[in-house]
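> how would this look folded up:
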Amino acid sequence: MKLQELINELLDYGLCKNILDARDLVYSANLLIDIFGEKEFKREPTVPRAVDEILEDLARVAFERRIIDSDDYVTFDNFKAKVVDAIIDRPGAVIDKFYRLYKESPRAATDYLYRLSQDVNYIQTRRIKQNIIWRHKTEYGEIELTVNISKPEKDPRLIALQRLQPAAGYPNCRLCKENEGYRGHLNYDSRSNMRIIPIELVGEKWYFQYSPYSYFAEHSIVLNERHVPMVVNGGTFRKLLAFLDLFPEYFVGSNAGLPIVGGSILNHEHYQAGRYVFPIENAKEIPVGETGGVAVSRLIWPLSTIRVRAAEKESLVAFAEKVLERWANYENPALSLYNSPENIHHTLTPIARRDRGGYVFDLILRSNYANASYPDGVFHPHPELHHIKKENIGLIEAMGMGILPGRLKKEFELIGRYLEGEEGLAAEPCLEKHLHWMERIKPMYKQGMDANLFISEEAGKVFSEVLKAAGVFKMDAAGEAAFEEFASDLLR
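Numbers count the residues shown, from 1 in each chain. Down below sits the predicted model:
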């Protein structure tokens, strides 16, 4: 297709999706022709295709015309974001519309922003649909797993180019508010087509946005205006509940504030939220008791979790602070739970949601203690599990959704062929880390089985062990007894 036709198609897409005001059509057209170095434009209506198809063709034209100097996916994605930014509202207009809709209902406002984030290709829906998703039944309930292939793997050429780029100090990190509208570069994803909403949490200025990777429905990020480190304290609990007052249909949770157990970004305080029911919500409860209007239970869940409910926020916060203080000072050498005032290893991963008119906290007990046997962390995926999951067990995984690396798509396919008789594939370098697992599961595989289903089931068993490894009170007699004692002591 010719450039003029592609530009017209993008304009018509914007009009069709109501992301381009008809009054801004000429203005947007002129922005677009300037990006491509054109001097003239002729308006000819079209029937637009999906936005990712239009943007892919526009990026290809830009590469052919040497407007961009590489056809790697980072350069293409950054250019696509720049192009689509020419047809969407500026941040102030988006904020105004969000809060006009918020007066109708929080749902109307979030529906608008979520749909906008998809329509402008910030959330790349078509790529996300490529992710491999399945469920796995365990003795403690059902968990979910995702092989994340929505972000293309870097090829060696791109890695080599990125190494030549100078280090950048702006924005400070990928969560800072300064990302909005940032064009990006070879080492940094563009945020040209991102829009964020200012909100207030307990007197502090925060921002609300959607995640481009969207691991679950309406996956959103709540970020502090200031570039300050992650922390879990009484203020965290109050801010999580304040968020629920703004968006009562969402859950919201915080990663722990310590390395190993704190997820991948610890240098900028943020929470994750969304409209989704995670496996942990369906975990069975063992009632512990009630105190001061707060109902307390512990969960049958691999990561030891205290669930607390209350109608009144301050009593819930006060009890959550008590759990944090007790856990921060807890030791049990028999279970490798060590701590000291000088080197605190214990913290919480808190998750909040509304329930029957009140509030609920799931307080997941975490420890980042490491020793010579487990230098990556005693309560971290152990080495024999790293072939499936080596990364930190953050908030999403702790709630029962395994985000597994994209490399597994190819590796699982090769393992399937190995199980079906191509034993020479065991020599493939990418399968070396799986060999101990492949030898163990091969006798269980029978010819005629669906290899994909079999491997998925066995990978689910491995991820269940990953979650158990991260649990501080193990699901055995000693762990259960210690957990019961700890939970009961909270009522004293």
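
> ok now do the residue nearest the centre of the chain, which residues does it touch?
For the chain, Tyr215 is the residue whose C-alpha lies nearest the centre (CA atoms, centre = their mean; 5.6 Å). Applying CB atoms under 8 Å, 6 or more residues apart in numbering to Tyr215 gives the contacts 146, 148, 396, 401, 403. Where C-beta positions appear, they are placed from N, C-alpha and C, glycine not excepted.

> neighbour-wise, which of these leads?
Each of those was scored for neighbours by other CB atoms under 10 Å, and Ile396 scores highest at 22 neighbours.

> rewinding a little: find the helix or strand that the residue nearest to the centre of the chain is a member of.
Assessed by DSSP states H and E, Tyr215 sits outside every helix and strand.

> Sketch out the low-pLDDT regions of the chain for me.
151-165, 167 (pLDDT under 70).

> how does this structure divide up, domain by domain?
Annotated domains of the chain cover 1-88, 127-402+475-489 [automatic domain parsing].

> So for Leu101, which of the ones you listed sits nearest?
In terms of CB to CB, the element of those nearest to Leu101 is domain 127-402+475-489, at 10.9 Å.

> What is the end-to-end distance of that closest one?
End-to-end span of domain 127-402+475-489 (CA to CA, to the nearest Å): 48 Å.

> And stretch 444-459, by the same measure?
Start and end residues of stretch 444-459 are separated by 14 Å (CA to CA).

> The closest residue to Glu285 other than its chain neighbours bridge partners, please.
Spatially, and ignoring its direct neighbours in sequence, Glu285 is nearest to Ser297 (4.1 Å; CB to CB, 6 or more residues apart in numbering). Judged by DSSP bridges, the bridge partners of Ser297 are Pro287, Arg307.

> Count the residues that sit near Ser297.
Around Ser297 there are 18 other residues, counting by other CB under 10 Å.

> Return the residues in contact with it.
Counting by CB under 8 Å, 6+ apart, Ser297 touches 285-288, 306-308.

> For Thr305, see how far away it is.
Distance of Ser297 to Thr305, computed by CB to CB, to the nearest Å: 9 Å.

> same thing with Val317?
18 Å.

> Pick out whichever of the two has more residues nearby.
Neighbour comparison, Val317 and Thr305: the larger count goes to Thr305, with 27 against 21 (by other CB under 10 Å).

> Regarding the chain, what is its longest helix?
Counting by DSSP state H, the longest helix found in the chain is helix 451-470.

> quick revisit: which of the contacts of Ser297 are buried, as a ChimeraX select command?
Here is the ChimeraX command that selects only those of the contacts of Ser297 that count as buried (16 or more other CB atoms under 10 Å):
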select :288,306,307,308
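
> which one of the contacts of Ser297 is nearest His346?
When the contacts of Ser297 are ranked by distance to His346 (CB to CB), Ile306 comes first, at 13.0 Å.

> The closest one reaches Leu365, doesn't it?
Yes. The pair Ile306 and Leu365 qualifies as a contact (CB atoms under 8 Å) at a distance of 7.2 Å.

> check contacts around the closest residue to Glu458 other than its chain neighbours.
Nearest residue to Glu458 in three dimensions, chain neighbours excluded: Ile441, at 5.0 Å (CB to CB, 6+ apart). If you count contacts by CB under 8 Å, 6+ apart, Ile441 has them with 419, 454-455, 458.

> is it fair to say Ile441 lies in a strand?
No. Applying DSSP: H, G, I helix; E, B strand; the rest coil, one finds Ile441 to be helix, outside a strand.

> would you list the contacts of Tyr215 in TSV and tack on distance to Asp21 and secondary structure?
Shown next, in TSV, are these (distance: CB to CB, whole Å; DSSP: H, G, I helix; E, B strand; the rest coil):
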residue	distance to Asp21	secondary structure
Thr146	37	strand
Asn148	36	coil
Ile396	37	helix
Met401	38	strand
Ile403	38	strand
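
> wait, which of the residues you listed is closest to His185?
When the contacts of Tyr215 are compared for distance to His185 (CB to CB), Asn148 wins out at 23.5 Å.

> give the contact list for that closest one.
Listed by CB under 8 Å, 6+ apart, the contact set of Asn148 reads 131, 213, 215, 403-406.

> That'll do, ta.
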